[in-house]
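Novice: Build the 3D model from these lines:
(2 chains)
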2 protein chains.
Amino acid sequence: MNKHDIIREIRSKKSYLCTGLDTEMGKLPKHLTKNENGFLNFNKQIIKATSPYSVAYKINTAFYEQYGAQGWNWMEETLSYIPENTFTIADAKRGDIGNTSKMYARAFFENLNFDAITVSPYMGEDSIRPFLEFPNKTIICLALTSNEGHKDFQTKHIDGEKALYESVIETVCKWGNENQLMFVVGATRAEKVKEIRNLIPNHFLLVPGVGAQGGSLTDITHAAANGEVGLLVNSSRGIIYASDGENFDVAAGESALQLSKEMSGFVEQYLV
Amino acid sequence: MNKHDIIREIRSKKSYLCTGLDTEMGKLPKHLTKNENGFLNFNKQIIKATSPYSVAYKINTAFYEQYGAQGWNWMEETLSYIPENTFTIADAKRGDIGNTSKMYARAFFENLNFDAITVSPYMGEDSIRPFLEFPNKTIICLALTSNEGHKDFQTKHIDGEKALYESVIETVCKWGNENQLMFVVGATRAEKVKEIRNLIPNHFLLVPGVGAQGGSLTDITHAAANGEVGLLVNSSRGIIYASDGENFDVAAGESALQLSKEMSGFVEQYLV
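Specialist: Below is the predicted model:
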């Protein structure tokens, strides 16, 4: 899938919701067994209940890696539950020297067939270029993240001019175009997001931090929506753990519906 | 293992060599089958031949992840070939918001039982702290890397004062002590490494980039060795692919021996 396909889905579902599958064995509803079967059934039912309202799913790879090789199998199996025409993101935050980034690209774009991967910019151009060489895939680069630690380096001023995250955005944009690149911008940073949108009017932003982390959907949307909407707003815990009862999937669906209802007004307002 | 154990091994082996297991199916010697069996036999024989001269092994996770779940099994199996009292590093360059970094720490410190992991500092304090909470484990933070892309952000000046990599070192050092933290400093940056050593006289540095990437063992050692040696110098391709013939393990052992011979003089010179 590419940007054009994402916009088509946003138009069709009137939603720009990305549901984050941060599944943890310890948080499964009580009636599900705490094993592979329970884990996969949980993901399957969550996806079934939320897919009418989700244009994207984000798999946080750490949650799967903690279970070792079987966790990688669960990631692969989970991808098979996600309907076609839904954008799939490996939230992996990878990045290494060129020959190594190429292996990561193979892992997530070929072996697992994700549509997109999140990458960390610290190691610069040759750590990101190998991902860009895969056709019809999207690279989502960390810019201004939703956590407290964003203050430690991302907002420091670089060469006396601009914040590191701004330098990251400007520099990375030289290596690929708006059909290949998105940026991660935390919903908890709405005041800065407007400036980011001015810097990159046409790139999609992946926005985590709505819900459990305290960001506001309304604020972030008015700060950054463009004529293509240009946003994928992620919610993980707020949706998938909406209930730990037997009706967890219904509750997750309702939580996703709630968010997508709010979004539908904004889609009508902004999408050209 | 901790810093004390590493110094004991350096003293005993008169070497500070870290052998990098960047194993690729396509580069296996011709006589080995290009499957799990060949891959694992290669690693087993390489480790057997190089372990007399290696105080550490570094597994570059990308090379294993590209094979999916089976690759994770191969990583686990490979760890079982590494002799006790040898320091094991997951070169994974992870880092995410706190609850996610905790999962990565579990994946590599508990599920796989590595002694150390490389992390990326871009997301700041709460992305690194969860790793530091695991006792007797080492966190190796990216500082100044060996690749060309280091120029894009790492050497830019931050808040008008110091380079980003210097700010990373100073800041990260506030979160843990020299027994918990090491830093990645590329061998191709010897001119800067002396300054880094002045900044952190007592931390170990993990130094990739000797060999295939062009760094000099002599230069980096004179620039940065301290009374504990304070260095783990990594070589991957130069050792494990020293020959693609049937004697590949002998050639790898000779290549490791060659490096460790050079190192032994420096160990005598520097180790107090």
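Novice: how about the nearest residue to residue A:87 once chain neighbours are set aside, secondary structure?
Specialist: The spatial neighbour of residue A:87 that comes closest, neighbours along the chain excluded (CB to CB, 6 or more residues apart in numbering or on different chains), is residue A:56 at 3.9 Å. Heads up, the C-betas are built off the backbone N, CA and C, glycines and all. With DSSP: H, G, I helix; E, B strand; the rest coil as the basis, residue A:56 sits in strand.
Novice: Any idea what residue A:56 is bridged to?
Specialist: Beta bridges link residue A:56 to residue A:18, residue A:87, judged by DSSP bridges.
Novice: Tell me how far it lies from residue B:84.
Specialist: The spacing between residue A:56 and residue B:84, counted by CB to CB, to the nearest Å, is 46 Å.
Novice: Looking at those two, which is more packed in?
Specialist: Legend: neighbour count by other CB atoms under 10 Å in any protein chain shown for residue A:56 and residue B:84, higher for residue A:56 (25 against 5).
Novice: show me what contacts whatever residue of the stretch 151-272 of chain A ends up closest to chain B?
Specialist: Relative to chain B, the nearest point of the stretch 151-272 of chain A is residue A:152 (3.3 Å; CB to the nearest CB). Contact analysis of residue A:152 by CB atoms under 8 Å, 6 or more residues apart in numbering or on different chains lists B:121, B:124-125, B:171.
Novice: Put together a markdown table for the residues you listed, with pLDDT on each row.
Specialist: Putting those into a markdown table (pLDDT from 0 to 100) gives the following:
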| residue | pLDDT |
| --- | --- |
| B:121 | 98 |
| B:124 | 98 |
| B:125 | 98 |
| B:171 | 98 |
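Novice: ok, now how distant is residue A:258 from residue B:269?
Specialist: 68 Å.
Novice: Contact partners for the residue lying farthest from the centre of chain A?
Specialist: Here chain A reaches farthest from its C-alpha mean at residue A:160, the gap being 31.4 Å by CA atoms, centre = their mean. For residue A:160, the contacting residues are B:157, B:160, by CB under 8 Å, 6+ apart.
Novice: Please enumerate the helices of the stretch 151-272 of chain A.
Specialist: Counting by DSSP state H, counting those that start in this stretch, one finds helices in the stretch 151-272 of chain A at the ranges A:164-172, A:190-199, A:217-224, A:237-240, A:248-270.
Novice: How much space separates residue A:129 from residue A:200?
Specialist: Residue A:129 is 19 Å from residue A:200, by CB to CB.
Novice: With residue A:173 instead?
Specialist: For residue A:173, the distance to residue A:200 equals 6 Å [CB to CB].
Novice: for residue A:75, same thing?
Specialist: 30 Å.
Novice: between these two, which one's more packed in?
Specialist: For residue A:75 versus residue A:200, neighbours defined as other CB under 10 Å are more numerous around residue A:75 (25 against 22).
Novice: what's the nearest residue to the residue of the stretch 151-272 of chain A closest to chain B if we skip its chain neighbours?
Specialist: Nearest one to residue A:152, counting by CB to CB, 6+ apart, is residue B:124 at 3.3 Å.
Novice: I figured the one you found hits residue A:156, correct?
Specialist: No. Between residue B:124 and residue A:156 there is no contact, the gap being 10.3 Å when judged by CB atoms under 8 Å.
Novice: Between the two, which is the more surrounded one?
Specialist: Higher neighbour count among residue B:124 and residue A:156: residue B:124, with 24 against 18, using other CB under 10 Å.
Novice: how about the more buried one, phi and psi?
Specialist: Torsion angles at residue B:124 (phi, psi; degrees, to the nearest 10) stand at phi 80, psi -160.
Novice: just to revisit the earlier point, how about the residue nearest to residue A:152, what does it touch?
Specialist: Going by CB under 8 Å, 6+ apart, residue B:124 touches A:147-154.
Novice: ok, 7 Å please
Specialist: Counting by CB atoms under 7 Å, 6 or more residues apart in numbering or on different chains, residue B:124 makes contact with A:149-153.
Novice: Report the separation between it and residue A:230.
Specialist: Distance check for residue B:124 against residue A:230: by CB to CB, it reads 26 Å.
Novice: And for residue A:270?
Specialist: Counting by CB to CB, the gap from residue A:270 to residue A:230 is 8 Å.
Novice: who has more neighbours, those two?
Specialist: residue A:230 (25 against 19).
Novice: what's the burial count for the residue nearest to that one when sequence neighbours are not counted?
Specialist: Ranked by CB to CB, 6+ apart and with sequence neighbours excluded, the top spatial neighbour of residue A:230 is residue A:204, at 5.4 Å. Using other CB under 10 Å, residue A:204 is surrounded by 27 other residues.
Novice: Give the bridge partners for residue A:204, please.
Specialist: With DSSP bridges applied, residue A:204 shows beta-bridge pairing to residue A:182.
Novice: so it sits right up against residue A:180, yeah?
Specialist: No. Using CB atoms under 7 Å, residue A:204 makes no contact with residue A:180, being 10.6 Å away.
Novice: So residue A:109: helix, strand or coil?
Specialist: Applying three-state DSSP: residue A:109 is helix.
Novice: From residue A:130, how far out is it?
Specialist: Noted for residue A:109: a distance of 10 Å to residue A:130, by CB to CB.
Novice: And the contacts of the helix or strand in which residue A:127 is found?
Specialist: Using DSSP states H and E, residue A:127 falls within helix A:125-132. Contacts of helix A:125-132 with the rest of the structure, by CB under 7 Å, 6+ apart, involve A:95-98, A:101-102, A:105, A:117, A:119, A:121, A:139, A:141, A:172, A:175-176, A:180, B:147-149, B:152.
Novice: Indicate each strand paired with the very next helix or strand once past that helix and its parallel or antiparallel sense.
Specialist: Counting by DSSP H and E, the element after helix A:125-132 in chain order, helix or strand, is strand A:138-144. Strand pairing for strand A:138-144, using DSSP bridges, gives strand A:116-119 (parallel), strand A:181-185 (parallel).
Novice: so of these, which one's packed in deepest?
Specialist: For the strands paired with strand A:138-144, average neighbour numbers computed from mean count of other CB atoms under 10 Å in any protein chain shown are highest in strand A:116-119, which has a mean of 27.
Novice: tell me the average confidence for stretch A:9-21?
Specialist: In this model, stretch A:9-21 carries a mean pLDDT of 98.
Novice: So what's the gap between that stretch and the chain middle?
Specialist: Its chain's C-alpha centre and that of stretch A:9-21 lie 11 Å apart, by CA atoms, centre = their mean, to the nearest Å.
Novice: mind checking the end-to-end distance for it?
Specialist: Separation of the first and last residues of stretch A:9-21 by CA to CA, to the nearest Å is 19 Å.
Novice: got it, and stretch A:173-186?
Specialist: 19 Å.
Novice: do stretch A:221-234 as well
Specialist: Stretch A:221-234 has its terminal residues 12 Å apart, counting by CA to CA.
Novice: For that stretch, which residues meet the burial criterion?
Specialist: Neighbour counts over stretch A:221-234 (16 or more other CB atoms under 10 Å in any protein chain shown) mark A:221, A:223-226, A:228-234 as buried.
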